[in-house]
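> turn this into a structure:
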Amino acid sequence: MKKSTRVLAASAAAVGLAAVVGFPAHAEPDVYRGTGWKILTNQGIQSLSPDPYVIKLVKPTSSNRLTPARNKAAEAQLRRDLKRSAAQLTEITGTKFTVAKGYHRAESSCASAERHVIVVGLRWRPYPGHKRGMSRTWPCAASANHSAWGGWIWIDSEYWMPEIYKIDPWRFSNLVSHELGHAVGLDHPNVDGRDANRTADKYECTTNSSKDLPVLCSPNGGYAMGKGGSVARTKAHAGEYTKWDKAGLRALKNNF
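Alright, predicted model coming up:
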(Lines give C-alpha, C1' and ligand atoms only; values in the text may rest on other atoms or scores of the structure.)
Protein backbone atom coordinates (compact mmCIF):
# COMPACT_ATOMS: atom_id res chain seq x y z
CA MET A 1 0.00 0.00 0.00
CA LYS A 2 1.35 3.42 -0.91
CA LYS A 3 2.20 5.99 1.74
CA SER A 4 -0.54 8.37 0.61
CA THR A 5 -3.14 5.65 1.04
CA ARG A 6 -1.91 4.76 4.52
CA VAL A 7 -1.92 8.36 5.69
CA LEU A 8 -5.50 8.90 4.54
CA ALA A 9 -6.67 5.69 6.14
CA ALA A 10 -4.95 6.54 9.42
CA SER A 11 -6.50 10.00 9.45
CA ALA A 12 -9.98 8.61 8.90
CA ALA A 13 -9.56 6.16 11.75
CA ALA A 14 -8.29 8.91 14.05
CA VAL A 15 -11.54 10.89 13.78
CA GLY A 16 -13.75 7.82 13.95
CA LEU A 17 -14.72 7.83 10.28
CA ALA A 18 -15.14 4.88 7.96
CA ALA A 19 -13.44 5.42 4.65
CA VAL A 20 -12.75 3.53 1.46
CA VAL A 21 -9.48 4.78 0.07
CA GLY A 22 -8.22 3.90 -3.40
CA PHE A 23 -4.97 4.61 -5.18
CA PRO A 24 -4.65 8.02 -6.81
CA ALA A 25 -4.86 7.78 -10.58
CA HIS A 26 -1.12 8.44 -10.97
CA ALA A 27 0.06 5.92 -8.32
CA GLU A 28 1.64 2.63 -9.26
CA PRO A 29 0.56 -0.54 -7.44
CA ASP A 30 2.91 -2.20 -4.98
CA VAL A 31 5.20 -4.88 -6.39
CA TYR A 32 6.17 -7.85 -4.25
CA ARG A 33 8.36 -9.97 -6.51
CA GLY A 34 10.47 -9.83 -9.63
CA THR A 35 13.33 -11.62 -11.35
CA GLY A 36 15.73 -12.75 -8.63
CA TRP A 37 13.94 -11.12 -5.70
CA LYS A 38 10.88 -11.54 -3.52
CA ILE A 39 9.43 -9.58 -0.60
CA LEU A 40 8.62 -11.22 2.74
CA THR A 41 4.87 -10.73 2.50
CA ASN A 42 4.35 -14.02 4.36
CA GLN A 43 5.90 -12.24 7.38
CA GLY A 44 3.63 -9.23 6.95
CA ILE A 45 6.29 -7.00 5.36
CA GLN A 46 5.41 -5.08 2.21
CA SER A 47 7.62 -2.00 2.30
CA LEU A 48 10.59 -0.17 3.80
CA SER A 49 10.15 3.08 5.71
CA PRO A 50 12.20 6.18 4.85
CA ASP A 51 12.88 6.67 8.57
CA PRO A 52 16.36 5.57 9.79
CA TYR A 53 17.15 2.06 11.06
CA VAL A 54 19.81 1.20 13.63
CA ILE A 55 21.69 -2.09 13.93
CA LYS A 56 22.72 -2.97 17.50
CA LEU A 57 24.84 -5.85 18.78
CA VAL A 58 24.25 -8.12 21.74
CA LYS A 59 27.39 -8.35 23.87
CA PRO A 60 29.03 -11.75 23.25
CA THR A 61 29.25 -14.03 26.28
CA SER A 62 30.55 -17.49 27.14
CA SER A 63 27.04 -18.89 26.56
CA ASN A 64 27.79 -19.00 22.83
CA ARG A 65 30.67 -21.43 23.57
CA LEU A 66 33.43 -19.10 22.41
CA THR A 67 36.50 -18.14 24.40
CA PRO A 68 36.93 -14.44 25.31
CA ALA A 69 39.53 -14.07 22.56
CA ARG A 70 37.25 -15.62 19.96
CA ASN A 71 34.31 -13.52 21.11
CA LYS A 72 36.43 -10.42 20.61
CA ALA A 73 37.47 -11.49 17.12
CA ALA A 74 33.91 -12.45 16.22
CA GLU A 75 32.53 -9.09 17.33
CA ALA A 76 35.17 -7.20 15.36
CA GLN A 77 34.46 -9.16 12.18
CA LEU A 78 30.70 -8.89 12.64
CA ARG A 79 30.80 -5.12 13.19
CA ARG A 80 32.99 -4.66 10.14
CA ASP A 81 30.68 -6.61 7.84
CA LEU A 82 27.53 -5.09 9.31
CA LYS A 83 28.86 -1.59 8.64
CA ARG A 84 29.64 -2.50 5.05
CA SER A 85 26.19 -3.99 4.51
CA ALA A 86 24.49 -1.04 6.24
CA ALA A 87 26.30 1.39 3.93
CA GLN A 88 25.03 -0.54 0.92
CA LEU A 89 21.46 -0.54 2.20
CA THR A 90 21.67 3.23 2.69
CA GLU A 91 23.01 3.80 -0.81
CA ILE A 92 20.53 1.45 -2.50
CA THR A 93 17.34 2.50 -0.70
CA GLY A 94 17.98 6.06 0.42
CA THR A 95 16.93 5.03 3.95
CA LYS A 96 19.76 5.52 6.45
CA PHE A 97 21.17 2.41 8.15
CA THR A 98 23.83 2.68 10.85
CA VAL A 99 25.59 0.33 13.27
CA ALA A 100 25.48 1.65 16.82
CA LYS A 101 28.32 1.53 19.31
CA GLY A 102 27.79 -0.31 22.56
CA TYR A 103 25.37 -3.16 23.13
CA HIS A 104 21.67 -4.00 23.23
CA ARG A 105 19.68 -6.58 25.13
CA ALA A 106 18.89 -9.84 23.38
CA GLU A 107 15.53 -9.73 21.60
CA SER A 108 13.02 -12.56 21.33
CA SER A 109 9.62 -11.04 20.58
CA CYS A 110 8.26 -8.65 17.98
CA ALA A 111 5.86 -7.40 20.65
CA SER A 112 8.76 -5.89 22.59
CA ALA A 113 11.09 -5.11 19.68
CA GLU A 114 12.00 -1.45 19.30
CA ARG A 115 10.93 0.35 16.15
CA HIS A 116 13.58 0.32 13.43
CA VAL A 117 16.14 -1.49 15.57
CA ILE A 118 17.76 -4.65 14.21
CA VAL A 119 19.48 -6.60 16.99
CA VAL A 120 22.35 -8.90 16.04
CA GLY A 121 24.02 -11.43 18.31
CA LEU A 122 26.02 -14.64 18.44
CA ARG A 123 24.44 -17.91 19.49
CA TRP A 124 25.43 -21.54 19.21
CA ARG A 125 23.47 -23.11 16.34
CA PRO A 126 20.40 -20.83 16.58
CA TYR A 127 18.52 -22.50 13.74
CA PRO A 128 15.62 -24.78 14.77
CA GLY A 129 16.92 -28.23 15.62
CA HIS A 130 20.38 -26.70 16.21
CA LYS A 131 21.21 -27.22 12.56
CA ARG A 132 24.93 -26.96 11.97
CA GLY A 133 26.30 -23.84 10.30
CA MET A 134 22.96 -22.03 10.00
CA SER A 135 22.15 -18.52 11.20
CA ARG A 136 18.64 -17.09 11.34
CA THR A 137 16.71 -13.82 11.18
CA TRP A 138 13.38 -13.02 12.84
CA PRO A 139 11.93 -10.01 10.95
CA CYS A 140 9.11 -7.95 12.40
CA ALA A 141 6.46 -5.95 10.53
CA ALA A 142 4.68 -2.73 11.50
CA SER A 143 1.04 -3.70 11.94
CA ALA A 144 -0.21 -0.24 10.94
CA ASN A 145 1.41 -0.04 7.52
CA HIS A 146 3.22 -3.36 6.89
CA SER A 147 6.65 -1.77 6.64
CA ALA A 148 9.77 -3.44 8.04
CA TRP A 149 9.72 -2.76 11.79
CA GLY A 150 13.05 -4.30 12.78
CA GLY A 151 13.75 -7.63 14.46
CA TRP A 152 16.73 -9.72 15.44
CA ILE A 153 19.42 -11.91 13.93
CA TRP A 154 21.33 -14.74 15.57
CA ILE A 155 24.65 -15.58 13.92
CA ASP A 156 25.97 -19.10 14.50
CA SER A 157 28.95 -18.79 16.85
CA GLU A 158 30.58 -21.94 15.52
CA TYR A 159 31.82 -19.90 12.53
CA TRP A 160 34.65 -18.96 14.89
CA MET A 161 35.41 -22.57 15.81
CA PRO A 162 37.62 -23.66 12.89
CA GLU A 163 38.33 -26.99 14.53
CA ILE A 164 34.71 -28.03 13.97
CA TYR A 165 33.42 -25.64 11.28
CA LYS A 166 35.07 -23.59 8.54
CA ILE A 167 33.55 -20.67 6.69
CA ASP A 168 35.51 -18.52 4.25
CA PRO A 169 35.49 -14.78 5.10
CA TRP A 170 33.85 -13.87 1.79
CA ARG A 171 31.07 -16.36 2.42
CA PHE A 172 30.58 -14.86 5.87
CA SER A 173 30.32 -11.36 4.35
CA ASN A 174 27.63 -12.67 1.99
CA LEU A 175 25.84 -14.25 4.93
CA VAL A 176 25.71 -10.97 6.86
CA SER A 177 24.18 -9.16 3.87
CA HIS A 178 21.80 -12.10 3.38
CA GLU A 179 20.48 -11.96 6.96
CA LEU A 180 20.17 -8.16 6.94
CA GLY A 181 18.24 -8.48 3.71
CA HIS A 182 15.72 -10.66 5.54
CA ALA A 183 15.51 -8.16 8.41
CA VAL A 184 14.48 -5.36 6.05
CA GLY A 185 11.95 -7.46 4.16
CA LEU A 186 13.49 -9.66 1.46
CA ASP A 187 12.64 -13.34 1.13
CA HIS A 188 14.54 -16.19 -0.53
CA PRO A 189 13.95 -15.86 -4.30
CA ASN A 190 14.56 -19.56 -5.08
CA VAL A 191 12.54 -20.96 -7.99
CA ASP A 192 12.14 -24.31 -9.67
CA GLY A 193 14.86 -24.35 -12.31
CA ARG A 194 15.95 -26.54 -15.19
CA ASP A 195 15.33 -29.79 -13.33
CA ALA A 196 11.60 -28.94 -13.31
CA ASN A 197 11.01 -31.06 -10.22
CA ARG A 198 8.39 -28.63 -8.90
CA THR A 199 10.67 -27.74 -6.00
CA ALA A 200 12.74 -24.60 -5.42
CA ASP A 201 15.92 -26.38 -4.37
CA LYS A 202 19.01 -25.01 -2.63
CA TYR A 203 20.94 -22.54 -4.79
CA GLU A 204 18.20 -22.78 -7.43
CA CYS A 205 17.91 -19.09 -8.24
CA THR A 206 18.20 -16.67 -11.12
CA THR A 207 21.79 -16.59 -12.42
CA ASN A 208 23.96 -15.37 -15.30
CA SER A 209 27.04 -16.39 -17.26
CA SER A 210 29.27 -15.42 -14.32
CA LYS A 211 27.36 -17.83 -12.06
CA ASP A 212 26.20 -14.96 -9.84
CA LEU A 213 23.26 -15.66 -7.53
CA PRO A 214 21.13 -13.20 -5.57
CA VAL A 215 22.67 -12.73 -2.11
CA LEU A 216 19.24 -13.68 -0.74
CA CYS A 217 19.34 -17.04 -2.54
CA SER A 218 18.94 -19.92 -0.08
CA PRO A 219 20.95 -21.05 1.71
CA ASN A 220 23.50 -18.38 0.74
CA GLY A 221 24.18 -16.54 -2.50
CA GLY A 222 26.38 -13.83 -3.92
CA TYR A 223 28.65 -13.11 -6.84
CA ALA A 224 29.88 -16.29 -8.58
CA MET A 225 28.32 -18.43 -5.86
CA GLY A 226 26.65 -20.70 -8.41
CA LYS A 227 28.22 -24.02 -9.37
CA GLY A 228 31.38 -23.40 -11.37
CA GLY A 229 31.69 -19.76 -10.31
CA SER A 230 35.03 -18.02 -9.87
CA VAL A 231 36.29 -17.81 -6.29
CA ALA A 232 38.26 -14.71 -7.28
CA ARG A 233 35.02 -13.01 -8.36
CA THR A 234 33.31 -14.01 -5.11
CA LYS A 235 36.18 -12.57 -3.08
CA ALA A 236 36.21 -9.35 -5.10
CA HIS A 237 32.50 -8.77 -4.44
CA ALA A 238 32.25 -10.23 -0.93
CA GLY A 239 29.08 -9.10 0.83
CA GLU A 240 27.87 -7.00 -2.11
CA TYR A 241 24.23 -7.07 -3.09
CA THR A 242 23.66 -8.12 -6.70
CA LYS A 243 21.48 -6.33 -9.24
CA TRP A 244 18.60 -8.64 -8.30
CA ASP A 245 18.84 -7.87 -4.58
CA LYS A 246 19.08 -4.16 -5.35
CA ALA A 247 15.89 -4.32 -7.42
CA GLY A 248 14.08 -5.97 -4.51
CA LEU A 249 15.37 -3.43 -1.99
CA ARG A 250 14.28 -0.55 -4.20
CA ALA A 251 10.87 -2.15 -4.62
CA LEU A 252 10.50 -2.30 -0.85
CA LYS A 253 11.22 1.42 -0.59
CA ASN A 254 8.96 2.28 -3.54
CA ASN A 255 6.11 0.35 -1.94
CA PHE A 256 6.05 2.72 1.01
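
> state the number of residues packed around the closest residue in space to A73 that isn't next to it in sequence.
For A73, ignoring the flanking residues on the chain, the nearest one in space by Cβ to Cβ, 6 or more residues apart in numbering is W160 at 6.4 Å. Placement of C-beta: from N, CA and C, glycine included. Here the count is done by other Cβ atoms under 10 Å, and W160 has 25 residues near it.

> quick check, pLDDT for W160.
Listed pLDDT for W160 reads 98.

> give me phi/psi at it?
Note on W160: backbone dihedrals following degrees, to the nearest 10 are phi -100, psi 30.

> does K38 lie in a helix or a strand, and which?
strand 37-38 (DSSP states H and E).

> T90 too?
With DSSP H and E as the criterion, the answer for T90 is helix 68-93.

> who are the packing partners of that helix?
Secondary-structure packing of helix 68-93 (3 or more Cβ pairs under 8 Å, 6 or more residues apart in numbering; DSSP states H and E): strand 53-57, strand 97-103, strand 117-123, helix 169-183, helix 243-254.

> okay if I get those as CSV plus distance to Q77?
Output for these, formatted as CSV (distance: least, Cβ to Cβ, whole Å):
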stretch, distance to Q77
strand 53-57, 12
strand 97-103, 13
strand 117-123, 11
helix 169-183, 7
helix 243-254, 22
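
> who wins for proximity to L40 among the ones you listed?
Distances from L40 to each of these were compared by Cβ to Cβ, and the smallest falls on helix 169-183, at 6.9 Å.

> thanks a lot, see you next time.
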